[in-house]
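Let's see this in three dimensions:
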Amino acid sequence: MIWIVAPLQIVSASVLVFLVLLHSGKGGGLSDMFGGGMGAQAAGSTVVERNLDRITVIAALIFAFSTTAYALIF
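Residues are numbered from 1 along each chain as shown. Next comes the predicted model:
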C-alpha cells in the first residue's frame, strides 16, 4: 500500500505547489497601488481562472486524502 501512497503524495504536493503559483496574487505591486489593477477586478474572473480554481481544489483534496492515508499506514 505504501508504494501507492508515497508517490501519490509526492506528485500531488508538486502539482499543488505548481497550481498555487499559477494563481494571480491580490496585490500585484505598484500598478495596483496606483489603480492599475482596477480593470482586471472589474472584468471579474475568467473561465480559465475558474477552471484553475477547480483543478486546484481537486489537487488539494487528493493531497489531503493521500496525507490521511499515509498517516494511517504509519
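
CA only for contacts and neighbour counts going forward, please
Noted.

Val15 and Phe63: what is the separation?
As defined by CA to CA, to the nearest Å, Val15 lies at a distance of 9 Å from Phe63.

Who has more neighbours out of those two?
Neighbours per residue (other CA atoms under 10 Å) separate Val15 from Phe63, with Phe63 holding more: 21 against 17.

Which residue comes closest to that one once chain neighbours are left out?
In space, and not counting its chain neighbours, Phe63 is closest to Ser12: 5.4 Å by CA to CA, 6 or more residues apart in numbering.

So the one you found, which state does it fall into?
In terms of secondary structure, Ser12 is helix; the call rests on DSSP: H, G, I helix; E, B strand; the rest coil.

hang on, it packs against Phe65?
No: in this structure, Ser12 is not within contact of Phe65 by CA atoms under 8 Å, at 10.2 Å.

Mean pLDDT per helix and strand in the chain: which one sits at the bottom?
Among the helical and strand segments of the chain, the one scoring lowest on mean pLDDT, DSSP states H and E is helix 30-33, with a mean of 47.
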